[in-house]
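[1] No sequence on hand, only this structure:
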């Protein structure tokens, strides 16, 4: 990864940001530019406390202070010392270009027979951390822009992804894939590589349904190839959480596909993986990974339900008949009508999402009906059919509206005489997860009360649905 022209030359690595490259070997000399940490320089001479150098990245020569750079050798005898520095810098936030530069030097120095997965794993970890640091508002930082240019010369490529008007950078994972191809890599290293290559926030949101479905199947295979029994408790729980999220995505894709592969097995696998997560060992730093998995599995939970009504085109409850029919290409239309006598349908609404008829639930002796609809892989809405001003209508309760990323709303119960509807809403907005237990007035779906815990709402304690308590993931 060190440029080939560097072989046989005296090299030095810039040790700190804003290192001055001067036109002459003195402090008062004209500053040609400032060099970032990790830049590799060819040393062409010495003058007192200065080195005469040439930067091939910038195609510019000059003088730098000797104390601002570190000489580096590329012979096999230097390999152990270079690896020791890589190990030291690997987990040092802000030192990613320097660590990657030393790792590149190590790859040039180490004999092929002694090469292991460790340097590739280290470069991947530093590249991933640099991408995370560089995402969002931090991209305006001059230092970060220079750091990205430094690592690019070593073949470390970061790609940009736009989501909700924001740009995030992601490491392309080339060296992580190399780690997975090395037979000698241990389970911990392979697990880190698989987790890095299956990050949901690094999937292009513009990917079409078929490529996305194929990608999710590949992600599931990568994670399943890791031997979980050889991992420590933290790595094992992270692996189960990621598997749960990925299998939820697979279940959604299979539900939409015409391939005939049942989605119930994938949905059940997602639930089982989630149950294997030990949330206590994740700690606060990794708790968001667990919350992400819970929300994604909850959004696709109905895919795991095996009921005859799941594949039926209609369902009848409390004199209400709810049936689905084809609409425009790709659309599913839901029709609510009287099950006791023939008359015009009361209401009809169409969607491009998945309609989970098995979730339909008539409440208040047929005064209303709720239905789960999943328009996106990690997004599930609650449709509420109810009478308002003497006519039937359908209103949609959405997980969120303010730049939401993922979430779900689910039916949790109803108070006597169907006066209030109990729901749970969990959503990720602006990078943070928020969960709310809510009560709506059923007549007009006006929000009456909400709380962060069901214990704070008396109606939840008395009237929460028993089936909801048994199956929900919101009470984790």
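    Good, I have the coordinates. Predicted model only: the values in this text are computed from it and were never measured. Residues are numbered from 1 along each chain as shown.
[2] make it CA atoms for all contacts and neighbour counts henceforth
    Noted.
[3] Enumerate every residue touching residue 156.
    The contact partners of residue 156, taken as C-alpha atoms under 8 Å, 6 or more residues apart in numbering, are 127, 171, 172.
[4] What of residue 450?
    436, 437, 438, 439, 457.
[5] What residue spans form the domains of this structure?
    Domain segmentation of the chain under automatic domain parsing yields 1-156, 186-306, 308-471.
[6] nearest to residue 164, of the ones you listed?
    Distance to residue 164, taken as C-alpha to C-alpha, is lowest for domain 308-471 among those, at 6.5 Å.
[7] so residue 185 touches residue 178, yeah?
    No: using C-alpha atoms under 8 Å, residue 185 makes no contact with residue 178, being 10.0 Å away.
[8] More neighbours: those two, which one.
    residue 185 (17 against 14; other C-alpha atoms under 10 Å).
[9] If you rank the contacts of residue 156 by neighbours, which is first?
    For the contacts of residue 156, the largest number of neighbours (other C-alpha under 10 Å) sits with residue 127, at 27 neighbours.
[10] thinking again about what came up before, inside strands: which ones of the contacts of residue 450?
    436, 437, 438, 439 (DSSP state E).
[11] Any idea what the third one is bridged to?
    Here residue 438 sits in beta bridges with residue 423, residue 450, as judged by DSSP bridges.
[12] Could you measure from it over to residue 422?
    Going from residue 438 to residue 422 by C-alpha to C-alpha, to the nearest Å gives 6 Å.
[13] is it fair to say residue 344 lies in a strand?
    No: read with DSSP: H, G, I helix; E, B strand; the rest coil, residue 344 is coil and lies in no strand.
[14] ok, it - contacts?
    residue 337.
[15] ok, now with 6 Å
    With C-alpha atoms under 6 Å, 6 or more residues apart in numbering as the criterion, no residue contacts residue 344.
[16] Now do the same for it: its pLDDT.
    Residue 344 carries a pLDDT value of 88.
[17] With residue 389 instead?
    Residue 389 is given a pLDDT of 86.
[18] what's the neighbour count on it?
    Look at residue 389: counted by other C-alpha under 10 Å, it has 8 neighbours.
[19] What separation is there between it and residue 443?
    9 Å.
[20] what about the helices in the chain?
    Assigned by DSSP state H, the helices in the chain fall at 79-89, 96-109, 118-134, 142-152, 174-181, 187-197, 209-224, 233-256, 264-275, 279-299, 308-311, 458-463, 466-471.
[21] Just the mean pLDDT for the longest one, thanks.
    Per-residue pLDDT values across helix 233-256 average out to 96.
[22] Remind me what that helix packs against, helices and strands.
    helix 264-275, helix 279-299 (3 or more C-alpha pairs under 6 Å, 6 or more residues apart in numbering; DSSP states H and E).
[23] and residue 67, which of those helices is closest to it?
    Using C-alpha to C-alpha, the nearest of these to residue 67 is helix 279-299, at 36.8 Å.
[24] So for the closest one, mean pLDDT?
    On average, helix 279-299 scores 93.
[25] In it, which residues are buried?
    279, 282, 289-299 (16 or more other C-alpha atoms under 10 Å).
[26] so can I have JSON lines of those showing distance to residue 72?
    Formatted as JSON lines, the buried residues of helix 279-299 follow (distance: C-alpha to C-alpha, whole Å):
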{"residue": "279", "distance to residue 72": "44"}
{"residue": "282", "distance to residue 72": "39"}
{"residue": "289", "distance to residue 72": "39"}
{"residue": "290", "distance to residue 72": "43"}
{"residue": "291", "distance to residue 72": "45"}
{"residue": "292", "distance to residue 72": "43"}
{"residue": "293", "distance to residue 72": "44"}
{"residue": "294", "distance to residue 72": "48"}
{"residue": "295", "distance to residue 72": "48"}
{"residue": "296", "distance to residue 72": "48"}
{"residue": "297", "distance to residue 72": "50"}
{"residue": "298", "distance to residue 72": "52"}
{"residue": "299", "distance to residue 72": "53"}
